[in-house]
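Participant: 3D, please:
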Amino acid sequence: MTQALILDFGGVVTRTLFETHDLSEAALGLAPGTLTWRGPFDPENDPLWRDMQADRISERDYWMQRNREVGALVGKDWTKMADFVRAARGGDPDAVIRPEFRSAVAAAKSADIRLAILSNELDLFYGADFRDKLPFLADFDVIVDATYTNILKPDPRAYRACLDELGLAAGDCVFVDDQLRNIEGAKAVGLNTIHFDVCRPRESYAAALHLLGIAEGSTP
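Facilitator: Model (predicted):
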């Protein structure tokens, strides 16, 4: 039976911007400790994150606010999220890719599992040229990016578009995302799901592989 692993990009594939404040500060010339918002790593001290989790603002709203704040710190009027990401990560984006992601993809490929990315803002946040710096994206059979489709998860059409491109039924796929609303949307269309915990990436990937019938020990 043909199966597929469908991944969000963001915190599933890369270490989050919350985890790499030190790298961002160094790249932007900011003093260590300047960036204090920590999202899921310290929600009590990030009220804007709590607003996003409560659906009072969207994920894009959250990041555009952070984009404006950090831009102001370095004297820039950034109007696109990609401005922030390029400035903070553009020099070596490969350095922020999760090693657990690399291992899981290698294990899936060795088991003939197809690979897809379903993102709300891949090129919007990272810039189209970001893909050119990540050769592993060539291993993915399908990339569906709402930057171009304008259909955001958890809209059921977003998941169905990815399934249509894969040519697979929802029940033959495992979808991984770090946002609960997107997981709930995926369940509604029949996808098997793993709610990715950015604080426990190895365990999250192991759970996804398990659903695909791949033992954790088979991960290279």
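
Participant: Using the three-state scheme, assign the residue of the chain positioned farthest from its centre.
Facilitator: Distance from the C-alpha centroid of the chain peaks at G75, with 27.9 Å (C-alpha atoms, centre = their mean). Here G75 is coil, with the state taken from DSSP: H, G, I helix; E, B strand; the rest coil.

Participant: give the contact list for it.
Facilitator: Contacts for G75 (C-beta atoms under 8 Å, 6 or more residues apart in numbering) come out as none. (Each C-beta comes from the backbone N, C-alpha and C, glycine too.)

Participant: burial count for the closest residue in space to K76 that isn't next to it in sequence?
Facilitator: Distance criterion C-beta to C-beta, 6 or more residues apart in numbering; nearest residue to K76, sequence neighbours excluded, is D83 at 7.0 Å. Neighbour count for D83, taken as other C-beta atoms under 10 Å: 17.

Participant: What strand or helix carries D83?
Facilitator: Element membership for D83 (DSSP states H and E) is helix 81-89.

Participant: thinking again about what came up before, and the residue farthest from the centre of the chain, what pLDDT?
Facilitator: With respect to pLDDT, G75 scores 97.

Participant: Please save the CA atoms from the worst-scoring helix or strand of the chain on mean pLDDT in CSV.
Facilitator: Taking mean pLDDT, DSSP states H and E as the measure, the chain has helix 122-126 as its least confident helix or strand, at a mean of 81. In CSV, the C-alpha atoms belonging to helix 122-126 read as follows (Å, rounded to 0.1, in the frame of the first residue of the first chain):
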residue,chain,number,x,y,z
LEU,A,122,6.4,28.6,3.1
ASP,A,123,7.5,31.2,0.5
LEU,A,124,5.6,34.1,2.3
PHE,A,125,7.7,33.7,5.4
TYR,A,126,11.0,32.4,4.0
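
Participant: Pull the residues that contact it.
Facilitator: Taking C-beta under 8 Å, 6+ apart as the rule, helix 122-126 contacts 9-10, 60, 63, 80-82, 85-86, 89, 93, 130-131, 143, 145-148.
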